[in-house]
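Peer 1: Give the three-dimensional model of this entry:
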Amino acid sequence: MNDDLAKKLEFLENNYRHKALFLILIRNEDFVTTDELAEKLHVTSRTIKSDVKYINEQLDIDGLDIVAQRSKGIRIEVEDTKIAKRIKEYFKIYHEQNIDNDFDRNVQFITRKLLASNKPIRIEDLQEELYLNTTNYIQREMTEVRNILKNYNLTLTTKIRKGLVVEGEVYYKYLCMLKMYKYFTDAAEPIFNNQAYAELFKPKFGSKQEIKDIVCNSLLKSRIVFSDIYLERFILYIILLSNVSVPEEDRIVEDIDFDYTITDEYRLVLSIDQQLSQKFVDYVGNHKARLMYLTYLAIMSTDLYRIRDCTEKNYGSLIALADEMRTYIVQCFEDTFNVCITDNIVFLKDLLKVLIPIAMKIKLGVSDDVDLGFYNYESMTTKPVIKEFVHQLSDMVYQKFSYLFSLREMHVLVNVIYEFINDIELSRKKQKIAIIALDGRLSTQQLKFCLRKYFSSYIESIETRVLYELSELDTSSYDLFFCMEFGKYLDIPYEPIYFFEEGISDDDYRKKLQEVFLSSYYYSLFLPKINYTRIPFFYKFQDYPINDYLNPHNSYMKLTVGDKKSIDIYIALKSTKESFEIHYYADDESPINGKQCYIIINLHIAYNKQKFKMLLNVVDKIAEDPEKFKRIYTENESNIEKILKK
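Peer 2: You can find the predicted model right below:
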């Protein structure tokens, strides 16, 4: 991005809310209402309108304007899409959760201030530092601060005529201080607006890079592996523990049922500690409690990719606890979906690897992890069923183990579960394919080569045809039609038809063909046909009573997909009577509540993995693009495979 464009956007750096608002708008091609923006940024609609006016006045970029339309909302109009792309590259932000709004920053400021202070702090002083007057009381922020502290066994106590103070064991305070650092990346140079807190993470011996070199060299000589983010966090913890007063021994944490000295992580920490002592005269090594604290964090950070390391010899009582959690999660999954998952050994091994670091946190009584906004759990729209299950699972695990999954951990669990799902093989019908050669048969050779190389098991026959040949043939014998991309501009009457660019790589062909061949499976044999109900115009101005159409004897999982015109999906998996119902609004009868349609799926899974995976594929496809799904129900297409071919 050139310096001129960067300079024109520089004014956004002076106000976090203006920057957040601008980035939300630049990511959305459609209109966003002021109410939605106000909710996202925790301000009033009036403030949003004022902010938009200010940003528009400051913007001096040709071809870029913020426009507002009554009843639609606000959006950024860009004449040249390259400008929008360069702006996104400049900010390097693509997920909403990466942007801290005023509320988030206030919570972080207050938590850091309280943790770093050695004396009580008056709430009026906090308000003054946040430039808030007494009429804007920070009750909601203080509630969130208490929730954060609760995850670390810390409490916020009010001392009469003195102020607020954080109470709890020092181990938990230091772990929470580290959590609130948030910026675990080499590229970031955070500004905390709190000198006392910032000083805690500046090394008093050597430099941060020298410490990192020692840690990395020690890791390379060990069997321990950290992710890059966890490595940065570990280095900052070394610095923090060197700058605070750590007790010689910490019996409260030490008395848990776990011997940390048997682990490779302890030997790693010991090696790092000895090298730091030898290199820096100001570093005091062989401090028992500090070594214990660092070992606990190392275990919580370990990337266990070798199942042979997951033994009682290496991790003692953590293995039994992780195994108990794994059994519980498996039971929850099988109870929810009525599908057996215990026969997938790879899934069971990987789940255990994920749960050993979590077992360490449970032993310590903390819910701790790194969440930087990289794991935008709410945006996982293409996996809504498993996402919803993991969300429910998080609540159940909290009730049983008093542990709260982070967004990153939920993201990891979704991916581990999909290892099992992707391993389910579906029976399929071999496809008869017609490739339409608009520009001669040689132009289709690369596509034909990829089909035979990667998808021969899916194909019964491939025939290359020109349009005038097809016009004389019975085309009903073909399952799929393929054509080069410029065929989009011709009136080709064959379906389902897929268009492919010329000259793209084999890998790009393969990715697109994988989507196409989803429809080659026998969905119609496992899933019921679709039935339609058009919602009467009467319900345009009031809620549609969808609950009246749910079977009262069934237990439903409810999902909502889509933003502007959302779809509510109700899924029952232990139903005695199967059905697939779509209740939809006509185009000119869209309701004021923003709903597009309601889907009710009643299935009897009965441990049929194929039926389970097919259900997920169908729901994932709907969630992938809810707007395109409208074509299916407006045509009242009863064949469920049409959903996968849209």
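
Peer 1: Count the neighbours of the nearest residue to residue 245 once chain neighbours are set aside for me.
Peer 2: Nearest residue to residue 245, sequence neighbours excluded (C-beta to C-beta, 6 or more residues apart in numbering): residue 170, at 7.6 Å. From N, CA and C alone the C-beta is placed, and that goes for glycine too. Look at residue 170: counted by other C-beta atoms under 10 Å, it has 16 neighbours.

Peer 1: And for residue 545?
Peer 2: Residue 545 has 8 neighbours, counted by other C-beta under 10 Å.

Peer 1: could you dump stretch 70-82 to PDB, C-alpha only?
Peer 2: Output of stretch 70-82 as PDB, limited to C-alpha atoms (Å, rounded to 0.1, in the frame of the first residue of the first chain):
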ATOM      1  CA  ARG A  70     -33.100   4.900   4.900                       C
ATOM      2  CA  SER A  71     -34.400   1.400   6.000                       C
ATOM      3  CA  LYS A  72     -31.200  -0.200   4.700                       C
ATOM      4  CA  GLY A  73     -28.400   1.100   6.700                       C
ATOM      5  CA  ILE A  74     -24.800   2.200   6.000                       C
ATOM      6  CA  ARG A  75     -22.100   0.800   3.800                       C
ATOM      7  CA  ILE A  76     -18.800   1.900   2.100                       C
ATOM      8  CA  GLU A  77     -19.000   2.200  -1.700                       C
ATOM      9  CA  VAL A  78     -15.700   1.700  -3.500                       C
ATOM     10  CA  GLU A  79     -15.400   2.200  -7.200                       C
ATOM     11  CA  ASP A  80     -12.100   0.300  -7.500                       C
ATOM     12  CA  THR A  81     -12.000  -3.000  -5.500                       C
ATOM     13  CA  LYS A  82      -8.200  -2.800  -5.500                       C
END
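
Peer 1: in that stretch, what's buried?
Peer 2: Neighbour-count burial for stretch 70-82 flags 73-76, 78 (criterion: 16 or more other C-beta atoms under 10 Å).

Peer 1: need the contact list for residue 120.
Peer 2: By C-beta atoms under 8 Å, 6 or more residues apart in numbering, the residues touching residue 120 are 159, 162-165.

Peer 1: Give me the helices and strands touching the helix or strand where residue 20 lies, please.
Peer 2: Residue 20 is part of helix 16-27 when elements are defined by DSSP states H and E. Taking 3 or more C-beta pairs under 8 Å, 6 or more residues apart in numbering; DSSP states H and E as contact, the helices and strands that helix 16-27 lies on are helix 34-41, helix 45-58, strand 73-78, helix 81-91, helix 102-116.

Peer 1: switch to 10 Å and redo it
Peer 2: Helix 16-27 is packed against helix 34-41, helix 45-58, strand 64-69, strand 73-78, helix 81-91, helix 102-116, with contacts defined by 3 or more C-beta pairs under 10 Å, 6 or more residues apart in numbering; DSSP states H and E.

Peer 1: just so I know, which of the ones you listed lies nearest residue 266?
Peer 2: Taking C-beta to C-beta, helix 102-116 is the member of those nearest to residue 266, at 26.9 Å.
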